[in-house]
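Chemist: predicted structure and sequence below. I'll ask about it afterward.
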Amino acid sequence: MRRALLLAIALAAPCLAQAAGFDAPGLARFDTGYARCEARFAHMKGARDEAYLAVYRVKADAKARGRLAELRRSAAYRKEQRAAQAEAAKPAASAPASPLEQQCQALWTQVQRARSTAKG
């Protein structure tokens, strides 16, 4: 009985971790940052959902994309998106572009990894 309970908890842990990644404020901040990557790197355009799901190692299927679309329609998402966009619009104190480039590259690496896993 105890062993079965521990096994059930161990099997459920990845699902709980994945579900925790889907929150409206976090998605809004991600979308704002990803828009900056898209503006700077043409090869990243159109892969926003795929990138978000790759970060959390969630399969980019219709169900997962539907969850993201639902979150983007929520009031919490819109509120956080406005705040994130306002923050992004503030002039950076002469910050170099390299941190953004590094973040975008790391994110794109996750997308590539997820794509190769889906093919394999």
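Modeler: Received the coordinates, thanks. Residues are numbered from 1 along each chain as shown.

Chemist: low pLDDT regions in this structure?
Modeler: For the chain, applying pLDDT under 70 flags the ranges 1-21, 92-97, 120.

Chemist: packing partners for the top helix by length along it?
Modeler: When the chain is parsed with DSSP state H, its longest helix is helix 98-119. Packing partners of helix 98-119 (3 or more C-beta pairs under 8 Å, 6 or more residues apart in numbering; DSSP states H and E): helix 24-40, helix 48-55. The C-beta positions use only the backbone N, C-alpha and C, and glycine is treated the same way.

Chemist: report the central residue of this structure.
Modeler: Central residue check for the chain by C-alpha atoms, centre = their mean: the C-alpha nearest the mean position is that of Tyr52, 2.4 Å away.

Chemist: can you pull the contacts of it?
Modeler: Residues near Tyr52 by C-beta atoms under 8 Å, 6 or more residues apart in numbering: 27, 30-31, 34, 68.

Chemist: same check, this time on Ala60
Modeler: Counting by C-beta under 8 Å, 6+ apart, Ala60 makes contact with 49-50, 53-54, 114, 118.
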